[in-house]
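Engineer: quick check, what structure comes out for this input:
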Amino acid sequence: MLENLNHIIDQVVKDKGIDRAVLVEALESAVLSAANKKFRNTRDLEAHYNDELGEVEIFEFVTVVDEVLDSYKEIDLEEAGGIDPEVQVGDSLGMKMDAGSFSRIAAQTAKQVIIQKVREAEREKIFNEFKDRVGELVNGIVRRYERGDLIVDLGMSEGLLPHREQVPRENYRQGDRVRVYISEVKMATKGPQIILSRSHPNLVAALFHFEVPEISEGIVEIKAVAREAGSRTKIAVASYDSDVDPVGACVGMRGSRVQNVVSELRGEKIDIIPWTMDVGRFACSALSPAEVTRIYVDNEMKSLEVIVPDDQLSLAIGKKGQNVRLAAKLTGWNIDIKSESRAAEA
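Structural biologist: Residues are numbered from 1 along each chain as shown. As a prediction, this is how the structure comes out:
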């Protein structure tokens with residue numbers, strides 16, 4: 001019917017890791033579909049792959065009858081006896097179709113199936129490679145912009161850095177190297193889609209994990225991260241070794257470790273906060289650099305009323321409310337800040 005496919009199939013199985021049985025079944029199904037289309041579904045056909053010949057063979061099945069009413073699907077007993085002397089009325093007789101009339105269509109179909117299966121295998125391979133890497137930092141090269149989104153070359157695949165995941169004021173040109181966080185991997189109609197981020201809070205956590213050995217070794221843990229990308233981040237850290245200061249470990253000798261992170265984030269400010277189970281003390285630290293006079297905790301409403309000196313009010317709230325907003329995100333509690341004079345009036 002067509003050239004020996006065994007060599008091609010074996011090569012595809014070896015190079016692309018496709019299951020041979022899956023590929024053969026796909027070939028049989030595609031060739032059968034093409035045959036049915038050619039004969040307009042007027043015949044009862046089956047397709048089987050012949051391993052010895054390395055081709056897909058088409059068999060036509062007809063029912064043995066005394067009187068033929070449908071010449072495409074029936075054969076009379078006398079004619080059937082010439083093919084198989086033991087045949088009886090009601091039997092189904094299978095005959096291999098002449099390859100000549102069908103070889104070109106079969107060859108084209110086989111080629112299309114193999115190309116499609118190779119493409120599917122490559123997509124599956126990329127998906128399996130990246131699906132377990134969500135949360136990792138990867139390096140890539142900027143390839144192009146598409147409607148504000150950035151296409152990043154990750155080596156064996158391309159990733160998408162959507163506009164919403166980019167940091168304001170960060171600009172890239174084609175060929176620039178970029179360090180990104182894998183935030184999501186999903187299978188789309190056109191293949192696997194690797195969603196990248198430069199604004200995700202966990203990008204900062206991943207950078208510290210890379211820079212601080214105590215974090216990667218499990219001695220220091222990042223408990224929470226609150227971030228407004230491109231402007232400021234607060235991270236809360238705790239130590240499982242009384243001899244290791246978690247904040248000092250993250251800062252590094254002469255601030256070297258935190259400075260490496262700040263450089264990667266292009267100057268974003270980072271506050272490193274000691275984590276504690278005491279939410280009052282934790283909130284006081286989270287509001288740094290402002291000083292706190294006293295704090296009232298409402299466990300039922302999960303809210304905090306924080307009193308600060310009058311001259312510390314603007315510092316505690318921060319520019320456009322950023323400091324208190326990040327502190328609330330970090331602690332997971334609602335925070336209401338009042339000056340001492342206003343609290344005295346209440």
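Engineer: the closest residue to G230 other than its chain neighbours - how many residues pack around it?
Structural biologist: In this structure, G230 finds its nearest non-sequential neighbour in V167, 4.3 Å apart by CB to CB, 6 or more residues apart in numbering. Every C-beta, even on glycine, is put in place using the N, C-alpha and C of the backbone. Neighbour count for V167, taken as other CB atoms under 10 Å: 16.
Engineer: do the same with R294
Structural biologist: Using other CB under 10 Å, the number of residues around R294 comes to 12.
Engineer: tell me the secondary structure of the nearest residue to Q116 once chain neighbours are set aside, please.
Structural biologist: Closest residue to Q116 apart from its sequence neighbours, by CB to CB, 6+ apart: A26 at 7.8 Å. Classification of A26 using DSSP: H, G, I helix; E, B strand; the rest coil returns helix.
Engineer: for I8, see how far away A26 is.
Structural biologist: Per CB to CB, to the nearest Å, A26 is found 13 Å from I8.
Engineer: which residues are in contact with stretch 150-167?
Structural biologist: 126, 129-130, 138, 140-145, 148-149, 172, 178, 180, 182-183, 192-200, 229-230, 265-266 (CB atoms under 8 Å, 6 or more residues apart in numbering).
Engineer: give me the subset of these lying in strands.
Structural biologist: Members of those lying in strands (criterion: DSSP state E): 138, 140-145, 149, 178, 180, 182-183, 192-197.
Engineer: in PyMOL, select just the buried ones from these.
Structural biologist: To isolate the buried ones among these in PyMOL, judged by 16 or more other CB atoms under 10 Å, type:
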select buried, resi 138+140+141+142+149+178+180+182+183+192+193+194+195+196+197
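Engineer: so where do the helices sit in the chain?
Structural biologist: For the chain, applying DSSP state H gives helices covering 6-16, 20-38, 77-83, 103-131, 201-211, 213-216, 246-251, 256-264, 279-286, 313-317, 322-331, 340-345.
Engineer: what mean pLDDT does the first one have?
Structural biologist: Mean pLDDT, taken over the full extent of helix 6-16, equals 85.
Engineer: angle of it against helix 103-131?
Structural biologist: Interaxial angle, helix 6-16 versus helix 103-131 (axes from the mean of the first three to the mean of the last three CA atoms, to 10 degrees): 10 degrees.
Engineer: contacts for helix 6-16?
Structural biologist: 18-20, 23-24, 51, 54, 114, 117-118, 121-122, 125.
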